[in-house]
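A.B. asks: one predicted model, sequence on top.
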Amino acid sequence: MEAMIDLLQRPGGRLQHLWSLREDVVVKSEPHTGFLVLTWDRGSVRMGNVDATVQEALRRMQLGPVLLGNALAGDEDLDPDATVHLLAQPVFRRLPHLIVRALGLDDLNGPLLSIAPLAEGEGYPPVVAPLDRGIPLQLVFGLSFAFDGVSATFEAQSASHRLVIHRHEAMMVVAMLVRPTPPTSVMTVLPLPAEVTEGILRYLVAAGVAAVVPL
C-alpha cells in the first residue's frame, strides 16, 4: 500500500483527459482530393474540408488515447486541448459512435478508465461535469458488470455508453460507491490525490454508472 501511495503522489501524476477512436477505425487521406476517409467494421465516411489540425488529431486517435492538444503545432495563447476540441466538434458530432473518452495520468501506465458508446448512432460523448463534493453518490440500480482479468466493464440499463475500468485506482473508487458516499468521504478514505479521485467520480457520473442520491 505504501508503494502504491508513493507512486500516485510522485510528481508527474497529473490528470489527463484523453480521446481516441474505436479500435476498428482506420483513418486515411485520399492523396488526390485531400478528403479524409474513416472506415470501420460496419461502415465508412468520406469528409472534405477537414481542418489539418483535426486530421492530425484523428490520425493520432486511431492509435489510442491522446491529448487533443498534442495535434496542435506552434505556440497558442489558448488552452491547446480546448482549441482542438472546438475545431473537432463538427467531426465528433457527425461520428459520435466512433469516439471514446478516457481519463489518465501522465505516468505512462495507461488510462484509468474509458467511456465508449454502446451502439451505432449513440449521442455525443457524455459531458464530464463538476461535482458537488458534499452530495452523496452511489452506483445506479440495475448496473451490470463483467471482468476479463485485465479490465472491468460496467453498463447501466438506461445509459448510452459503457464504462471500462483499466486500473485499480479507478476500481477502488467504484467500490466506495456500493453505498451512498459523498465525494469528500471518498477522497478522505482512499490513498489517492483528491483531484484523481474527483476526476474518476466525474467520469463515473458522466457514464451513467453512478448518480447523485436524493437527500
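C.D. replies: Everything's here; your move.

A.B. asks: quick one, what contacts the residue lying farthest from the centre of the chain?
C.D. replies: Distance to the chain centre peaks in the chain at residue 32, reaching 34.6 Å (criterion: CA atoms, centre = their mean). Under the criterion of CB atoms under 8 Å, 6 or more residues apart in numbering, residue 32 has no neighbours. The C-beta positions use only the backbone N, C-alpha and C, and glycine is treated the same way.

A.B. asks: looking at this, it is in a helix?
C.D. replies: No - secondary structure of residue 32 (DSSP: H, G, I helix; E, B strand; the rest coil): coil, not part of a helix.

A.B. asks: and it, how far is that from residue 56?
C.D. replies: 20 Å (CB to CB, to the nearest Å).

A.B. asks: what of residue 145?
C.D. replies: Taken as CB to CB, the span from residue 145 to residue 56 is 36 Å.

A.B. asks: pick out whichever of those two has more residues nearby.
C.D. replies: Taking neighbours as other CB atoms under 10 Å, residue 145 and residue 56 compare with residue 56 leading, 17 against 14.

A.B. asks: can you report how many residues lie near the residue lying closest to that one once chain neighbours are set aside?
C.D. replies: Once flanking residues are discounted, residue 56 sits nearest to residue 71: 4.2 Å by CB to CB, 6 or more residues apart in numbering. The number of residues packed near residue 71 is 24, by other CB under 10 Å.

A.B. asks: pretty sure residue 71 contacts residue 83?
C.D. replies: No - using CB atoms under 8 Å, residue 71 is not in contact with residue 83, being 9.9 Å away.

A.B. asks: wait, isn't residue 146 in contact with residue 162?
C.D. replies: No - with contact defined as CB under 8 Å, residue 146 does not reach residue 162; the gap is 9.9 Å.

A.B. asks: now list whatever residues contact both of those two.
C.D. replies: residue 153.
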